[in-house]
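Student: Got a sequence here, can you model it:
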Amino acid sequence: MPARIPEIDYLRCVLILLMVAFHLVYIGDSYPYAKQVVYTFHMPGFLLISGYLANPRKPWGALGRKLWWVFVPYVVMEAGYTAMCSLLPVREHLDGLTLPVLLEKVFLHPLGPYWYLHTWMLCLLLQAVVWHGLRAGLFTRLMVFGLALWGLDVCGLLSFPTAMYFLAGWAVAASGFRFAEVFRPSWVAGLPLVLLCLFPANLDRGCLGGVAITFFCLCFLLGICRWLPRRVERAACFIGRNTLPVLLFSPVFTFVSKLYLPYFRFEPTGIVFLVVSVALGVAGSIGLAWAMDRLRVSPWFFGKEKAVR
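Tutor: I've put the predicted structure just below:
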């Protein structure tokens, strides 16, 4: 498998842009059905890609370093987000912040978008345990992994229906298929995608309709990728290579967007506000990571010399 797969970087770009867009409270409240549709597939798509790219054969030392240098920024940002929720009148407001509450949010039930990193770390660690600790065929390993995910759901540590997308991605990669061989690029996939999204019962990532929406959405996005101008494709791949900084830092910019929202009341659809806020959130997040590179902070925060790739 190559170090970078342009199609996957492109998908990551689209999914992270949708994440930032619908973390804008004004946009989510203005377009609740669109938000419900996006929430059906965007983070499942991320987890599916993560499972596909995960390498369970990686030695424990390399895996530990990888997990540690996601855990460090995760802890910093989740702790900061939790503190912010205790101080500001946000949707996830906490009445008072104590050390037990902070530890519970960081280690058990994270707030904000950081639940994805929490779930990803648990899946990656559990995958390695199953792979190295179980001498069995692929099917048995996948079954044990799925049962373990269900157990973590029972314990309240993650969402089983959501984490199963990681398992699906691992199954695709372990079966020897290329990503585009399973999720075949096709703009025609937009037709069943639209039909499925017309029925609210399908807008659940844990039901068969939700799985189908995720599948057809990825096929459709890959289908239109080939029609993009080369410059747009390069920009999308750049953003797709840098989704971690956007995931980490974009909540800062989505909060700031509330301060300048009144200046966009002249445009009733909210589209101008959406474009400006998403652009600011993405550029600002990558800009912060770039500044950390320049200030030589990245080795202490991301575990590498350059966070921006």
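Student: Do I have it right that F264 meets L274?
Tutor: No - counting by C-beta atoms under 8 Å, F264 stays clear of L274, with 9.2 Å between them. In this view, the C-beta of every residue, glycine as well, is placed from N, C-alpha and C.
Student: the more surrounded of the two?
Tutor: Neighbours per residue, other C-beta atoms under 10 Å: of F264 and L274, the larger number sits with L274, 21 against 17.
Student: buried ones in the helix or strand containing that one?
Tutor: Using DSSP states H and E, L274 sits within helix 271-294. Neighbour counts over helix 271-294 (16 or more other C-beta atoms under 10 Å) mark 273-274, 277-278, 280-282, 284-286, 288-290, 292-293 as buried.
Student: which ones are touching A180?
Tutor: Contacts here follow C-beta atoms under 8 Å, 6 or more residues apart in numbering; on that basis A180 touches E7, L222.
Student: The same query, at a cut-off of 10 Å, please.
Tutor: With contact set as C-beta atoms under 10 Å, 6 or more residues apart in numbering, A180 has these partners: I5, E7, I8, L218, C219, L222, C225.
Student: Most widely separated two among those?
Tutor: Pairwise distances across the contacts of A180 (C-beta to C-beta) peak at 15.7 Å, for the pair I5 and C219.
Student: shared neighbours of F264 and L274, which are they?
Tutor: Common neighbours of F264 and L274, using C-beta under 10 Å, 6+ apart, are Y26, S257.
Student: helices and strands around the longest helix seen in the chain, which ones?
Tutor: Taking DSSP state H as the criterion, the chain has its longest helix at helix 60-87. Helix 60-87 is packed against helix 99-107, helix 115-133, helix 243-260, helix 298-301, with contacts defined by 3 or more C-beta pairs under 10 Å, 6 or more residues apart in numbering; DSSP states H and E.
Student: Quick one: closest of these to K66.
Tutor: Proximity to K66 (C-beta to C-beta) singles out helix 115-133 among those, at 7.6 Å.
Student: Just give me how far the helix or strand containing P44 sits from the chain centre.
Tutor: P44 belongs to helix 32-53 when elements are defined using DSSP H and E. When distances are taken as C-alpha atoms, centre = their mean, to the nearest Å, helix 32-53 is centred 7 Å away from the chain's centroid.
Student: tell me the mean pLDDT for that helix?
Tutor: Regarding helix 32-53, the rounded mean pLDDT is 96.
Student: Begin at 578, not 1, for the rest of this chat.
Tutor: Got it, the first residue is 578 from now on, which makes the last one we talked about helix 609-630.
Student: For that helix, C-alpha coordinates in PDB please.
Tutor: Output of helix 609-630 as PDB, limited to C-alpha atoms (Å, rounded to 0.1, in the frame of the first residue of the first chain):
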ATOM      1  CA  PRO A 609     -31.200  20.400  10.500                       C
ATOM      2  CA  TYR A 610     -32.100  17.700   7.900                       C
ATOM      3  CA  ALA A 611     -28.900  18.300   5.900                       C
ATOM      4  CA  LYS A 612     -27.000  18.000   9.200                       C
ATOM      5  CA  GLN A 613     -28.700  14.700   9.900                       C
ATOM      6  CA  VAL A 614     -27.700  13.400   6.500                       C
ATOM      7  CA  VAL A 615     -24.100  14.500   6.900                       C
ATOM      8  CA  TYR A 616     -23.800  13.000  10.400                       C
ATOM      9  CA  THR A 617     -25.000   9.700   9.000                       C
ATOM     10  CA  PHE A 618     -21.800   9.200   6.900                       C
ATOM     11  CA  HIS A 619     -19.100  11.700   7.600                       C
ATOM     12  CA  MET A 620     -17.400  10.300  10.700                       C
ATOM     13  CA  PRO A 621     -18.300   6.700   9.800                       C
ATOM     14  CA  GLY A 622     -16.400   7.500   6.500                       C
ATOM     15  CA  PHE A 623     -13.400   8.700   8.500                       C
ATOM     16  CA  LEU A 624     -13.400   5.500  10.700                       C
ATOM     17  CA  LEU A 625     -13.800   3.300   7.600                       C
ATOM     18  CA  ILE A 626     -10.700   5.000   6.100                       C
ATOM     19  CA  SER A 627      -8.800   4.700   9.300                       C
ATOM     20  CA  GLY A 628      -9.500   1.000   9.600                       C
ATOM     21  CA  TYR A 629      -8.400   0.500   6.000                       C
ATOM     22  CA  LEU A 630      -5.100   2.300   6.600                       C
END
